[in-house]
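Enquirer: attaching a predicted model along with its sequence, questions to come.
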Amino acid sequence: MFANKVVLVTGGSSGIGAATVELFAKEGASVAFVGRNETRLEEVAKKCEQYGAATLVIKADVSKEEEAKTVVQRTVDKFGKLDVLVNNAGILRHATVTDPKFLENFDEIMNTNLRPVVLLSSLAIPHLIASKGNIVNVSSVLATWIKIPGTISYCMSKAAMDHFTRGAATELAPHGVRVNSINPGPVLTDIAANADMPKDLNQDNIVEKLTALGRFSESEEIAELILYLARARSVTGSCYLIDNGMYLK
Ligand code: NDP
């Protein structure tokens with residue numbers, strides 16, 4: 001059980017984040033969660049109600065510093081503390097290194113997938129030191145597997161995230177705070193539909209062919225690993241693959 005724990009999840013309105021919010025709520029945690037789509041955030045809050053969980057819906061764009069920097073404080077104002085930060089919000093966009101829009105693509109991805117992770121973690125750390133809490137970063141198998149053309153910026157954002165995980169885990173260990181990444185392969189969410197991927201990369205079954213097990217994960221499977229790491233007292237600085245064997249291909 002996760003009763004009396006306070007969890008903050010970014011990107012809680014959809015996919016992996018929404019499943020994570022629901023799982024922590026089911027485990028008895030109070031959950032704050034962030035996204036831009038208010039309707040979808042409210043739908044997730046409604047699902048949590050069935051478990052009697054206390055929730056805080058935070059409508060914020062994490063790529064905008066003035067909005068992102070309010071998120072941790074609003075959570076602590078409501079629940080009095082913070083035990084777990086799940087840095088999950090992320091986007092996928094397509095541009096090859098020769099594309100004239102490559103730099104624009106790089107900035108958009110870094111400003112969503114990486115910078116808010118550093119900002120929110122910095123703001124959360126004093127509270128996590130107080131609670132002996134932990135951070136789970138939602139990275140990707142693409143942090144190390146760079147074979148899909150046009151995903152360089154995305155891969156870089158996740159590679160940097162994993163390095164942030166290891167560095168922060170090293171520096172925070174003496175304070176009793178753990179930091180881990182999870183590195184999913186393909187998961188059935190809206191991320192690909194929201195990305196401007198070319199048709200040949202979006203065709204049916206392409207991603208299934210890329211995995212040894214020939215399947216996608218469900219968001220709930222990823223949420224289970226996040227929950228596991230949030231309470232795994234002996235795990236820190238780890239980057240956990242959960243990729244249906246994509247890295248093996
Ligand atoms: P979804 O598109 O289903 O969800 C993305 C979430 O991020 C939404 O809740 C969205 O909220 C939020 N988000 C995106 N941009 C912002 C922003 N600027 N401000 C606030 N919230 C934002 O995708 P997934 O669930 O698949 O993705 C979640 C994480 O998992 C990402 O970090 C992704 O890189 C990672 N991942 C996903 C994989 C997959 O195959 N699906 C594989 C490996 C990793 P809203 O739209 O309301 O703003």
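Expert: Structure received.

Enquirer: which ones are touching the spatially closest residue to Gly80 that is not a sequence neighbour?
Expert: Among residues not flanking Gly80 along the chain, Val6 sits closest, at 7.5 Å (Cβ to Cβ, 6 or more residues apart in numbering). All C-beta spots, glycine's among them, are computed from the backbone N, C-alpha and C. Contact analysis of Val6 by Cβ atoms under 8 Å, 6 or more residues apart in numbering lists Ala29, Ser30, Val31, Ala32, Thr75, Phe79, Gly80, Lys81, Leu82, Asp83, Val84, Ser131.

Enquirer: cool, Val118 as well?
Expert: If you count contacts by Cβ under 8 Å, 6+ apart, then Val118 has Phe164 around it.

Enquirer: quick one: it from His163, how far?
Expert: 11 Å (Cβ to Cβ, to the nearest Å).

Enquirer: again, but for Val21
Expert: For Val21 relative to His163 (Cβ to Cβ), the value is 27 Å.

Enquirer: what's the answer for Ile222, then?
Expert: In terms of Cβ to Cβ, Ile222 sits 21 Å off from His163.

Enquirer: which one's more surrounded, these two?
Expert: Comparing Ile222 with His163 by other Cβ atoms under 10 Å, the one with more neighbours is Ile222, at 24 against 13.

Enquirer: so which helix or strand takes in that one?
Expert: helix 219-231 (DSSP states H and E).

Enquirer: mind listing what's buried in that helix?
Expert: For helix 219-231, the neighbour count (16 or more other Cβ atoms under 10 Å) marks Ser219, Glu221, Ile222, Ala223, Leu225, Ile226, Leu227, Leu229, Ala230 as buried.

Enquirer: what is the nearest of those residues to the ligand?
Expert: Using Cβ to the nearest ligand atom, Ser219 comes nearest to the ligand of those, at 6.2 Å.

Enquirer: the closest residue to the closest one other than its chain neighbours in helix, strand or coil?
Expert: Nearest residue to Ser219, sequence neighbours excluded (Cβ to Cβ, 6+ apart): Ala19, at 3.7 Å. Here Ala19 is recorded as helix under DSSP: H, G, I helix; E, B strand; the rest coil.

Enquirer: around Ala19, count how many other residues there are.
Expert: With other Cβ under 10 Å as criterion, Ala19 counts 25.
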